[in-house]
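J.: When you get a sec, could you give me coordinates for this:
(one chain, ligands or ions: 1)
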Amino acid sequence: MLRWGTAMLVLSLMLFSGTAGAGEIRLPPPVFTGQGSVEEALKARRTVRHFARRSLTQAQVGQLLWATDGVSDPRGFRTAPSAGATFPLELYLVAGERGVEGLPAGVYRYLPGSHALAPVTPGDLRGAVARASLHQGWMAEAPVMVVIAADYRRCTARYGQRGIRYTHMEVGHAGQNLFLQAEALGLGAGIVGAFEDQTLAALLKLPREHEPLIIMPVGYK
Ligand SMILES: Cc1cc2nc3c(=O)[nH]c(=O)nc-3n(C[C@H](O)[C@H](O)[C@H](O)COP(=O)(O)O)c2cc1C
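T.: Have a look, this model is predicted:
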């Protein structure tokens, strides 16, 4: 019988051994063992609004994005549950200047299938995102922000109006995944729902159908 660690290594190789497309930035594969327990992460989780000036590594960023809504099963299932496996969520990374070691400041789309980042637009947009979030200046202290957006049509095509409710539930699952993974990595996360939708979507150059729902600044506390 395969031991758990070996099984996870095999799964990792199966899921993340494909090649990234042109222009995509391959992230280090996620790891499936950690220092602390789920209970410790649950106990420690708080909305963090002050961050140290310290860069994250690409491994940390890859782990955070994978935990939020990455692929965890060869059948394509994700770390967050999804009504009817319709997977309406899209993750974007807003990386600040020196926010992530070796990664230029900019906005990147997370590609769960290849566990890679696709550059969307360059530049340090953290200040502009904070201003679009009713001037919550604390957000710009974080080296990165994860924006969870949704393409509602993927879910409403199957469930009609109820798909909107299901999509909002799914964002909650993904957001809590990110909170808990941040804690387990010795980091902290905040969560922001107060922002001007259209201003934010324009700043991040989101496709029209990707509607931003939550912004989560992440970094060292
Ligand atoms: C959907 C949602 C939107 C939120 N929006 C903001 C926000 O815009 N700004 C902020 O500082 N906190 C925001 N929060 C964080 C809450 O203020 C916070 O969760 C609450 O005070 C409880 O604290 P805790 O998360 O540390 O347990 C939001 C939380 C949720 C769930």
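J.: hang on, Pro112 packs against Val71?
T.: Yes. Between Pro112 and Val71 there is a contact at 5.0 Å, judged by C-beta atoms under 8 Å. For every residue, glycine as well, the C-beta is placed using N, CA and C.
J.: Now the common contact residues for those two.
T.: Taking C-beta atoms under 8 Å, 6 or more residues apart in numbering as the criterion, Pro112 and Val71 both touch Arg78.
J.: End to end on stretch 27-45, go ahead and measure it.
T.: Counting by C-alpha to C-alpha, to the nearest Å, you get 25 Å between the two ends of stretch 27-45.
J.: near the ligand, anything from it?
T.: No. Under the criterion of C-beta under 6 Å from any ligand atom, the ligand is not reached by stretch 27-45; the shortest gap measures 6.9 Å.
J.: Just the buried residues of that stretch, please?
T.: By 16 or more other C-beta atoms under 10 Å, the buried positions in stretch 27-45 come out as Leu27, Pro29, Pro30, Ala41, Ala44, Arg45.
J.: average model confidence for it?
T.: Stretch 27-45 carries an average pLDDT of 96.
J.: in this structure, what residue is nearest the ligand?
T.: Residue of the chain nearest the ligand, by C-beta to the nearest ligand atom: Gly193 (3.0 Å).
J.: what residues are up against that residue?
T.: Leu213, Ile214, Ile215.
J.: now the first one, nearest residue through space, not along the chain?
T.: The shortest distance from Leu213 to any residue other than its chain neighbours is 5.0 Å, reached at Val171 (C-beta to C-beta, 6 or more residues apart in numbering).
J.: what does Gly188 give?
T.: Val48 (3.3 Å).
J.: do the same with Arg126
T.: Distances taken as C-beta to C-beta, 6+ apart place Ala140 nearest to Arg126, at 4.2 Å, with adjacent residues excluded.
J.: mind checking which helix or strand Tyr110 is in?
T.: strand 106-111 (DSSP states H and E).
J.: any chance you could map the helices in this protein?
T.: All helices of the chain, identified by DSSP state H, fall at 4-16, 38-44, 58-69, 126-132, 153-159, 162-184, 197-203.
J.: avg pLDDT for the longest strand anywhere in the chain?
T.: If you go by DSSP state E, the chain has its longest strand at strand 211-219. Throughout strand 211-219, pLDDT has a mean value of 98.
J.: and that strand, what does it pack onto?
T.: Strand 211-219 makes packing contacts with strand 144-150, helix 162-184, strand 188-189, helix 197-203 when contacts are defined by 3 or more C-beta pairs under 8 Å, 6 or more residues apart in numbering; DSSP states H and E.
J.: picking up where we left off before, please work out how many residues are found near the residue nearest to Leu213.
T.: By other C-beta atoms under 10 Å, the residues close to Val171 number 19.
J.: ok, back up a step: the residue nearest to Arg126 and Pro112: what is the separation?
T.: Applying C-beta to C-beta, to the nearest Å, the value for Ala140 to Pro112 is 27 Å.
J.: Let me know whether Leu111 touches Ala118 as I believe.
T.: Yes. Using C-beta under 8 Å, Leu111 makes contact with Ala118 at a distance of 5.7 Å.
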